[in-house]
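S.K.: Whatever this is, show me its structure:
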Amino acid sequence: MTDMSAPASSTQWYLAREGQQFGPISEAELAKFIELGHLQPNDLLWREGFPDWRPAMVVFPPRTQAPQRSAGGPRTAASSPPARQSSSLEVHASDTTARARMGHGEEGLETEQRRGRGARMAMVLLVIAALGAVTWFAYPYRDRLKDLMGAMPSLAPSDAFAIADRKSLEVPPLAGFTDTPEVTDAKLQSTALWRVIKREFPDWYTQRLDESATLARASKDEAAIGQQMARKLVELRRQQVANALSATLPRLKSVATAFYDNLVQLRRHSTDACYGFISQGEANPAIVTMLQGSEHTAHLQAQLTSVFEAVAEGRKQPRVYPQPRQTDYDKLAADLAKRGWTPADMKLFSDERALAKAAPDKVCQMVHDWFAAQLSLTDPEAQMRLLVESLRPVVAG
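M.R.: Residues are numbered from 1 along each chain as shown. Next comes the predicted model:
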């Protein structure tokens, strides 16, 4: 297991590759990762103190190939790899064996030993990948570096965070149910939400088409059928909580960001709409009406789509995230205090029964602040642990 007695002040790195984020990675692990040549041109790196992600090849430029020494000649200072300025990850080669490991050739038995070590390392990585050791845990085993190597996905960077094009988000997803199943299907597949639903839950989707046709034959109007479809979506969402919360961190952040954006928009619209969205989700009558065509359709559909995209990721490759720590809540409380929260507010928000009795505008303001504070945290580990926990009622509610 990971040595938890290591100093808390040691730098923790995060690596982003093709839409997924991995970490925390210790300095020693990243140094080995770089030494083995696994850093790629499009990789991004982040650590505390960086204002944003930085290209890995800028943070740790590739080493310049050292001039080869003449056969039998003395080893000159020029043959040593140049030190990388301002790098705390530099692996110094102070002896012949270390230089051999870092790619500067040695003759005879030492070279064979180096090749043997490299072959064994490659074999270990391949075996781990073959066994499916690709699930990311925040504090897993000593060989997290090997897990990292097996976990890299094959997503196109441009697709990593996109849930849908803007046009498909603007198409009302709870309208168009009174036509024939064929026409209804065509209309629904022009929306971001139902495309994901049909792809991930084809049988469930077919049942909804049949159900809407039955309701239409019974002379139910668009509003009534839309309300029924919203209730079914809530049921499906609640059944998929575990899968949704097993998605990648970038995907979970997209859910949290979409939820927060809706709180901002709906608070401007009305307290009732905001409170209904928090308490009943897409099944709230006011939200159903908005999803049948309004200025809020795109924002609301973006969140629903992001939830089911998270479900899709979690079903394919589930991840386990650690529980929040007391220090995480301390950081969050400090941010909330800056937003005007008092100890009484903290106590109210932590008491589910008391919060349910609070005034709707107070609930809207507190939930808004809660997510705003988490999304603004600069500690990525604390943010991860808190967001996963806070999204549970969002998905399950």
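S.K.: ok, then the element right after the helix or strand that contains Leu236?
M.R.: Assigning secondary structure by DSSP states H and E places Leu236 in helix 222-239. Next helix or strand after helix 222-239 toward the C-terminus (DSSP H and E): helix 241-244.
S.K.: could I have that following helix exported to PDB, CA atoms only?
M.R.: What follows is helix 241-244, C-alpha atoms only, in PDB (Å, rounded to 0.1, in the frame of the first residue of the first chain):
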ATOM      1  CA  VAL A 241     -26.300   6.600  -9.300                       C
ATOM      2  CA  ALA A 242     -23.400   4.200  -8.700                       C
ATOM      3  CA  ASN A 243     -22.500   4.300 -12.400                       C
ATOM      4  CA  ALA A 244     -22.700   8.000 -12.700                       C
END
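S.K.: Could you identify the helix or strand that succeeds it?
M.R.: helix 249-269.
S.K.: ok, residues contacting the helix or strand that that following helix is followed by?
M.R.: Per DSSP H and E, the first helix or strand lying C-terminal to helix 249-269 is helix 271-280. Defining contact as CB atoms under 8 Å, 6 or more residues apart in numbering, one finds that helix 271-280 is touched by 262-263, 266-267, 284-287, 290, 360-361, 363-364, 367, 397. C-beta coordinates here come from the backbone N, C-alpha and C atoms, glycine included.
S.K.: could you check the angle helix 271-280 makes with the helix holding Leu236?
M.R.: Put simply, helix 222-239 runs at 40 degrees to helix 271-280, going by axes from the mean of the first three to the mean of the last three CA atoms, to 10 degrees.
S.K.: buried sites along helix 222-239?
M.R.: By 16 or more other CB atoms under 10 Å, the buried positions in helix 222-239 come out as Glu222, Ile225, Gly226, Gln227, Gln228, Met229, Ala230, Lys232, Leu233, Val234, Leu236, Arg237.
S.K.: What is the nearest of the residues you listed to Arg54?
M.R.: Arg237 (36.6 Å; CB to CB).
S.K.: The closest one contacts Ala310, doesn't it?
M.R.: No. When contacts are counted by CB atoms under 8 Å, Arg237 is not listed as touching Ala310 (10.3 Å).
S.K.: any shared contact partners between those two?
M.R.: By CB under 8 Å, 6+ apart, the residues touching both Arg237 and Ala310 are Ala244, Val395.
S.K.: quick one on the thing from earlier: other SSEs contacting the helix holding Leu236?
M.R.: helix 202-217, helix 285-291, helix 297-316, helix 380-396 (3 or more CB pairs under 8 Å, 6 or more residues apart in numbering; DSSP states H and E).
S.K.: Show me how far the third one is from its chain's centre.
M.R.: Helix 297-316 has its C-alpha centroid displaced from the chain centroid by 12 Å (CA atoms, centre = their mean, to the nearest Å).
S.K.: in the helix or strand following it, what counts as buried?
M.R.: Toward the C-terminus, helix 297-316 is succeeded by helix 326-338 as the next helix or strand (DSSP H and E). Buried residues in helix 326-338, counted by 16+ other CB under 10 Å: Asp328, Tyr329, Lys331, Leu332, Asp335, Leu336.
S.K.: ok, the closest residue to the fifth one other than its chain neighbours - contacts?
M.R.: Nearest-residue entry for Asp335: Ala373, 4.1 Å, with adjacent residues in sequence omitted and distances by CB to CB, 6 or more residues apart in numbering. Shown in contact with Ala373 (CB under 8 Å, 6+ apart): Leu332, Asp335, Leu336, Arg339.
S.K.: Tell me the confidence at Ser306?
M.R.: Ser306 is assigned a pLDDT of 94 by the prediction.
S.K.: now do the one 4 residues further on
M.R.: Note on Ala310: pLDDT of 95.
S.K.: What separation do you get for it and Leu193?
M.R.: In this view, Ala310 and Leu193 are 13 Å apart by CB to CB, to the nearest Å.
S.K.: Comparing those two, which shows the higher neighbour count?
M.R.: Leu193 (28 against 24; other CB atoms under 10 Å).
S.K.: Go through the helices and strands packed on helix 222-239 and pick out the most buried.
M.R.: Comparing the helices and strands packed on helix 222-239 by mean neighbour count (mean count of other CB atoms under 10 Å), helix 297-316 comes out on top with a mean of 23.
S.K.: secondary structure class for Gln40?
M.R.: Put simply, Gln40 is coil when judged by DSSP: H, G, I helix; E, B strand; the rest coil.
S.K.: neighbours around it, how many?
M.R.: For Gln40, using other CB under 10 Å, the count is 12.
S.K.: Same check on the one 3 residues further on?
M.R.: Burial of Asp43, expressed as a neighbour count using other CB under 10 Å, amounts to 21.
S.K.: Can you name the residues that contact it?
M.R.: Leu15, Ala16, Arg17, Pro55, Ala56, Met57.
S.K.: separation between the fifth one and Leu36?
M.R.: From Ala56 over to Leu36 the distance is 14 Å, taken as CB to CB.
S.K.: neighbour-wise, which of these two wins?
M.R.: Ala56 (22 against 15).
S.K.: For the more buried one, which non-adjacent residue is closest in space?
M.R.: Nearest residue to Ala56, sequence neighbours excluded (CB to CB, 6+ apart): Asp43, at 3.9 Å.
S.K.: One more: Ala372?
M.R.: Tyr260 (6.4 Å).
S.K.: number of nearby residues for the one you found?
M.R.: 18.
S.K.: just use 448 as the starting number from now, easier for me
M.R.: Sure thing, new numbering starts at 448, so read that last one as Tyr707.
S.K.: I'd like to know how far it sits from Ala670.
M.R.: 28 Å.
S.K.: same deal with Leu486?
M.R.: 55 Å.
S.K.: circling back to that earlier point, please report phi then psi for the residue nearest to Ala503.
M.R.: phi -70, psi 150 (degrees, to the nearest 10).
S.K.: Which segments of this structure make up each domain?
M.R.: 459-510+538-604, 608-844 (automatic domain parsing).
S.K.: For stretch 829-838, which outside residues touch it?
M.R.: 585, 691-692, 696, 699-700, 702-703, 706, 768-772, 774-776, 778-779, 817-818, 821-822, 824.
S.K.: re earlier: would you list the buried residues of helix 773-785 in a markdown table and tack on pLDDT?
M.R.: Listed next are the buried residues of helix 773-785 as a markdown table, based on pLDDT from 0 to 100:
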| residue | pLDDT |
| --- | --- |
| Asp775 | 94 |
| Tyr776 | 93 |
| Lys778 | 94 |
| Leu779 | 94 |
| Asp782 | 95 |
| Leu783 | 96 |
